[in-house]
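Chemist: Need a 3D model of the sequence below.
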Amino acid sequence: MPPGGDINYHQSLVKTIKEVDVVISAIGSEQLQDQENIIAAIKEAGNVKRFFPSEFGNDVDRLHVVEPGKSVYNIKVQIRRAIEAEGIPYTYVASNFSDGFFLPTLVQPGATAPPSSLPPPPPPPPRKSYYLRRWESKRGLFQRGGRLFNSLTGFILVLSAVFNKEDDIGIYTIKAVDDPRTLNKILYIKPPQNIYSFNDLSPCGRRRLEKPWRVSIFQRSKF
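Modeler: Have a look, this model is predicted:
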């Protein structure tokens, strides 16, 4: 039998889980469905006092997204329902956006650097309620009222989002392990000082590049 609680071997998982009180899953998005194996092992072991599934993002029960994000969120929703159906004590950690993953690319999933820099354009016309920011990298965000729509990923993002340092997410998670207030609840990590709009983040990207961006603003009548 493989040692160390191999997620693909039921008895290995059961043996390992019997030695702990709390299980914290941090597996990646490609293995989210495999958490069903962890749930089955926890149920058989019968000793786990708290299970933290691999969430560490947005509250998936309160989101309405399209692909490619929809498939990932749907799996997380399925895992939540499976945990609850088995009566396993749980805490779901809604840690929102991680600094190290999202800030270096200014919330452009799949990118490896901030949007490209270009010479400064002439002053733009007055901004209306609907506009498009576009960079040389062809990444853009449409503003629709109080929401942003990423034209590449199809994610709907609120105009302001919470960005948390990964170390802080880990600290809050560990503190929640034996906190009765978080039992069978969702833990929201949302410090007020960590809430930023896209307009707040844009100057940070410009300072990092040390060059201005070309920002094209389209009036509502142009759509």
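Chemist: make it CA atoms for all contacts and neighbour counts henceforth
Modeler: Noted.
Chemist: Listing request: residues of this protein with sub-threshold pLDDT.
Modeler: The chain contains residues with pLDDT under 70 at 1-4, 109-110, 112-159, 203-223.
Chemist: Which parts of it are strands?
Modeler: For the chain, the strands defined by DSSP state E occupy 22-24, 50-52, 91-94, 97-98, 132-134, 140-144, 147-150, 156-158, 160-164, 185-188, 195-197.
Chemist: other SSEs contacting the third one?
Modeler: Helices and strands touching strand 91-94, as assessed by 3 or more C-alpha pairs under 8 Å, 6 or more residues apart in numbering; DSSP states H and E, comprise strand 50-52, strand 185-188.
Chemist: possible to save those as JSON lines with mean neighbour count?
Modeler: JSON lines is the format used below for the helices and strands packed on strand 91-94 (neighbours: other C-alpha atoms under 10 Å):
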{"stretch": "strand 50-52", "mean neighbour count": "21"}
{"stretch": "strand 185-188", "mean neighbour count": "16"}
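Chemist: Indicate which one of the ones you listed is closest to Gln78.
Modeler: When the helices and strands packed on strand 91-94 are compared by C-alpha to C-alpha, strand 50-52 sits nearest Gln78, at 14.4 Å.
Chemist: What are the contacting residues of the closest one?
Modeler: 21-25, 88-93, 177, 183 (C-alpha atoms under 8 Å, 6 or more residues apart in numbering).
Chemist: let's go with 10 Å and repeat that
Modeler: 21-26, 38-39, 42, 83, 88-93, 173, 176-178, 182-184 (C-alpha atoms under 10 Å, 6 or more residues apart in numbering).
Chemist: got it, and stretch 11-24?
Modeler: The list of residues contacting stretch 11-24 from outside it, by C-alpha under 10 Å, 6+ apart, reads 1-7, 37-54, 89-91, 173-174, 177-178.
Chemist: ok, now stretch 171-178?
Modeler: 21-24, 49-52, 56, 90-95, 167-168, 170, 182-183, 187-189.
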